[in-house]
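1. below: sequence and its predicted model.
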Amino acid sequence: MAVSEPDWWWMVGQTSKAFRLATESKDGLHWTLRRNCSVTPTQLAITFGALGALSLTVAVFFWFQGAVLVLPFALLELAALATAFVVYARHAADSERVILQGGRLIVELETAGSVRRSEFVREWVRIEPLSSGQLVEVRSGGASVQVGRFLRPELRPVLAREIRQALSKV
């Protein structure tokens, strides 16, 4: 039986039949949330190199024409631009991973290259959206972690519902 377009169009790009945001594997369920970056660090380096070469070419040209202050200001401009690019590149790979594996719920938060990992016992975990559109809180005992920074606010309740649903399955 063929499925009509209105029934299947929303499934394009879905990672799981039961979950909208999760990926199922033999190890369990994974929710991987990443920053939406339009430029990779490599593309950024190429862009910086091209801008730097153009700026230095213009500055050297004016240096030889007698405008000696253009080159120091061009170097200052490139230093400020390099600083901004480094800050951007450090956070381009930031991500959050929520892994449900056996009796454990594992939350990994990667920020600027450092990973913070929290493990929770499946039966003791509570999932709470803090409020409408706010981050999702994973809580167990006295420990808690907030996830959903890289999701649109309207998808955060979906994430909370999916994690709750996965935790309730035996």
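-> Perfect, I can see it now.

2. where does the residue of the chain most remote from its centre sit: helix, strand or coil?
-> Seen from the C-alpha centroid of the chain, the residue lying at the greatest distance (C-alpha atoms, centre = their mean) is residue 66, 48.1 Å away. Counting by DSSP: H, G, I helix; E, B strand; the rest coil, the backbone at residue 66 sits in coil.

3. residue 30 falls within a strand, correct?
-> Yes - the assignment for residue 30 (three-state DSSP) places it in a strand.

4. burial of it, as a residue count?
-> Residue 30 sits with 18 neighbouring residues when counted by other C-beta atoms under 10 Å. (Each C-beta comes from the backbone N, C-alpha and C, glycine too.)

5. quick one: the helices in this protein, in order.
-> Counting by DSSP state H, the chain forms helices over residues 5-8, 41-64, 70-91, 156-168, given from the N-terminal end onward.

6. closest to residue 102 out of those?
-> helix 156-168 (12.1 Å; C-beta to C-beta).

7. what distance separates the closest one from the centre of its chain?
-> Average the C-alpha atoms of helix 156-168, do the same for its chain, and the two points are 19 Å apart (C-alpha atoms, centre = their mean, to the nearest Å).

8. if you count neighbours, what's buried in it?
-> Along helix 156-168, these residues count as buried under the neighbour rule (16 or more other C-beta atoms under 10 Å): 156, 157, 158, 159, 160, 161, 162, 163, 166, 167.

9. now do stretch 21-37
-> Applying a neighbour-count criterion of 16+ other C-beta under 10 Å, the buried positions in stretch 21-37 are 21, 22, 28, 29, 30, 31, 33.

10. how about these, which pair is most distant?
-> Taking C-beta to C-beta as the measure, those span a maximum distance of 16.4 Å, between 28 and 33.

11. for this protein, which residues score under the pLDDT cut-off?
-> Residues of the chain that meet the criterion pLDDT under 70 lie in 1-17, 130-131, 170.

12. what residues sit buried inside stretch 80-93?
-> Using 16+ other C-beta under 10 Å as the test for burial, stretch 80-93 gives 85, 89, 92.

13. which residues touch it?
-> Contacts of stretch 80-93 from elsewhere in the structure, counted by C-beta atoms under 8 Å, 6 or more residues apart in numbering, are 34-35, 37, 39-41, 44-45, 48, 51-52, 110-113.

14. again, only using 7 Å
-> Surrounding stretch 80-93, the residues in contact under the criterion C-beta atoms under 7 Å, 6 or more residues apart in numbering are 35, 37, 40, 41, 44, 48, 51, 110, 112, 113.
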